[in-house]
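Undergrad: Coordinates for the following, if possible.
(one chain, ligands or ions: 2)
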Amino acid sequence: MQNQSEHIQDTNREELRFKGIPTSQGIEFGKAIVLFKEGPSSYPIHISEESIPEELERFSAALVNASEELQHIIDIAQKESAKISHILETYLLILMDSIMHESIRTRIKEGYTAENAVIHEFDVQKQFFTLAKDPIIRERSIDFDHVTERLLNGLRNRTISHAVAEGSIVIGSSITPTDLMLFHKAGCLGFITEIGGIASHASILARSLSMPAIIGLRDISEKVQDEDAIIIDGFSGILIVHPTEDTRSFYIQKKKEADDNKLSLGLLANTECTTLDGYPIHLMANIDSIEDLHVAMKYGAKGIGLLRTEYLIIARQHFPTEQEQIEWYKELSHISFPHPLTIRAFDVGSDKYAEGLAEEDNPALGLRGIRFLLQRKDIFKNQIRAVYIASKEKNIRFMLPMISTINELKISLAFIEESRLELEHEGIPHDMALPIGIMIETPASALISDSLAPLVSFFSIGTNDLTQYTMAADRLNEYVSDIYDPFNPAVIRLMKMAIESAKKYGINIGICGELAGHSAATELLIGLGIQEISVSPPLLLELKKRILHINYSEVSQLH
Ligand code: PEP
Ligand code: MG
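TA: Ligands and ions are numbered 1, 2, ... in the order given. Predicted structure coming up:
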């Protein structure tokens, strides 16, 4: 790294620092490539009548170019990121819509340039999405911008990826996952954008490619020039332009420490997870895709404590069929074998997408999780059948979200058994003893946990929702983020009640909420008697390192 960073030093310019939101960790040294911003007004609008055939031709050629390029990127993405290839396939579907092509051709025939026709038509289509009630559909309107941009690039007969050389760091207003994939192939080391979210597609992709990234740095494309020497710090969200010699030395050291830490943590992947005094902790992962599962396995997870099946709906934009689910669950259970795979029933409603879901004033307090499933038994049944049919390897567990009454649990268990019996009558082999458990994520479920425990095989504490509902503070609302505190004694007492109930009835109890990965919570959770901890894959090794240093006999005295 030392050599690589040397040539980028710029001694004549004053060092500048900017702070944005870190979205993908890592440190890199490189040269800035500032993406050119072109507004719709930079294109000519009208053409003469005799230019129309040529313009139509230009549009057809751009369409072919853009779709070929997209197909090429999809092929690359399939190997690197299944999540992203699904998104790119959506782009291709939009791009290949023949009705849209016809509208664009009609506008060109009316005397408009191909660029103008493309921008106009995509804007019209985008409106439908922007006005949708469903926030997920509204968010997808951005896809139209990405496809428009690809077509406009095609019309200009240029691909921006050509400008991105090895060792560059891209700076732009926003970045599409498609371009990011191409930049990555061209040797780009990181990116910085003015807008974008931590959960945006580009951010997700950056994390899976281990590329440092910073978002939310407003007007940054006007403050940095092409070829400027820069350092991107994806741990703290700091961008340094024209770094001084001292700054470079500091970051060379910081990068080395980060690499060493990664390496030493890597060695822990195969270490048994026990406390200093030999108390075993079952470390598992929260995942929502096969990709995540591979990462989890690499980091030494001993199974999956939470499979968020909602991802299947989001990826497909509809509830998956029984067959689609069977294939997915089978593959996941096969990869995690012999360790458990805990499949959570669809937790739709509230902030999570669901097809045809009724509009509610207070969706977090409405028809979500098990409440929705008991109203849509067709969807619930499909999932139950798929889970059982995929259970041949006998390592699947099934978990119900948002349980808050005994009756609700009894009705759910009866329905699950009824559906299982149907399979038995149909002669379909399955794991008859498949463990069924529940999330403890409402205060009610914790308070009546002694009545729920005898009915199920395991509990898993969902601190994200347990905190939200106990503290009456929306988990996504930044105005009440100080009240949304999983360490509040009210939340801890409820957790303790659930743990005691589980121990009393001899069932497993784990935790899969975000608190499980919090560095300040490890001693507390283990001291309380939690033996199964499930966290997102990147947190596994740090967590294991902490567990290895804990003395169970000491921490269990604290509570
Ligand atoms: C939780 O509520 O803590 C949990 C793990 O579930 P989710 O975050 O998916 O609601
Ligand atoms: Mg939850």
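Undergrad: going forward, measure contacts between C-alpha atoms and count neighbours the same way
TA: Will do.
Undergrad: got the buried residues for stretch 250-259?
TA: By neighbour count with 16 or more other C-alpha atoms under 10 Å, stretch 250-259 contains the buried residues Tyr251, Ile252, Lys255.
Undergrad: Pick the one among those closest to ligand 1.
TA: Distance to ligand 1 across the buried residues of stretch 250-259 (C-alpha to the nearest ligand atom) is lowest for Lys255, with 32.0 Å.
Undergrad: ok, now which ones touch the closest one?
TA: Contact partners of Lys255, counting by C-alpha atoms under 8 Å, 6 or more residues apart in numbering, are Gly26, Ile27, Glu28.
Undergrad: same deal with Ile416?
TA: Contacts of Ile416 by C-alpha under 8 Å, 6+ apart are Lys381, Ile384.
Undergrad: next one: Tyr469
TA: Applying C-alpha under 8 Å, 6+ apart to Tyr469 gives the contacts Glu441, Thr442, Pro443.
Undergrad: Same question for Tyr552.
TA: Contacts for Tyr552 (C-alpha under 8 Å, 6+ apart) come out as Thr275, Leu276, Asp277, Tyr279, Ile526, Gly527.
Undergrad: Next to ligand 1, which bits of the protein? Give me the list.
TA: For the chain, the residues in contact with ligand 1 (C-alpha under 6 Å from any ligand atom) are Glu441, Gly462, Thr463, Asn464, Asp465, Cys512, Gly513.
Undergrad: try 8 Å this time
TA: For the chain, the residues in contact with ligand 1 (C-alpha under 8 Å from any ligand atom) are 306, 308, 347, 401, 439, 441, 461-466, 511-514.
Undergrad: got a list of what Ser451 touches?
TA: By C-alpha under 8 Å, 6+ apart, the contact list for Ser451 reads Ile406.
Undergrad: Which of the contacts of Tyr469 ranks first by neighbour count?
TA: Highest neighbour count within these: Glu441, with 27 neighbours (other C-alpha atoms under 10 Å).
Undergrad: If you tally nearby residues, what's the number for the spatially closest residue to that one that is not a sequence neighbour?
TA: Closest residue in space to Glu441, ignoring its immediate chain neighbours: Leu466 at 4.2 Å, by C-alpha to C-alpha, 6 or more residues apart in numbering. By other C-alpha under 10 Å, 27 other residues sit near Leu466.
Undergrad: Pull out the CA atoms of the helix or strand hosting Leu466 and give them to me as CSV.
TA: Assessed by DSSP states H and E, Leu466 sits inside helix 463-471. Only the C-alpha atoms of helix 463-471 are listed here, as CSV (Å, rounded to 0.1, in the frame of the first residue of the first chain):
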residue,chain,number,x,y,z
THR,A,463,-34.9,-6.7,20.6
ASN,A,464,-35.6,-4.4,17.7
ASP,A,465,-39.3,-4.7,18.0
LEU,A,466,-39.3,-5.5,21.7
THR,A,467,-37.6,-2.1,22.3
GLN,A,468,-39.9,-0.3,19.9
TYR,A,469,-43.1,-1.7,21.6
THR,A,470,-41.8,-1.4,25.2
MET,A,471,-40.5,2.1,24.9
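Undergrad: quick one: the helices in the stretch 301-450 of the chain?
TA: Ranges of helices within the stretch 301-450 of the chain are 310-316, 322-336, 370-375, 377-389, 406-425, 443-447, 449-452, based on DSSP state H, counting those that start in this stretch.
Undergrad: Export the ones you listed to CSV and append columns for mean pLDDT.
TA: Formatted as CSV, the helices of the stretch 301-450 of the chain follow (pLDDT from 0 to 100):
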stretch, mean pLDDT
helix 310-316, 75
helix 322-336, 96
helix 370-375, 96
helix 377-389, 97
helix 406-425, 98
helix 443-447, 98
helix 449-452, 98
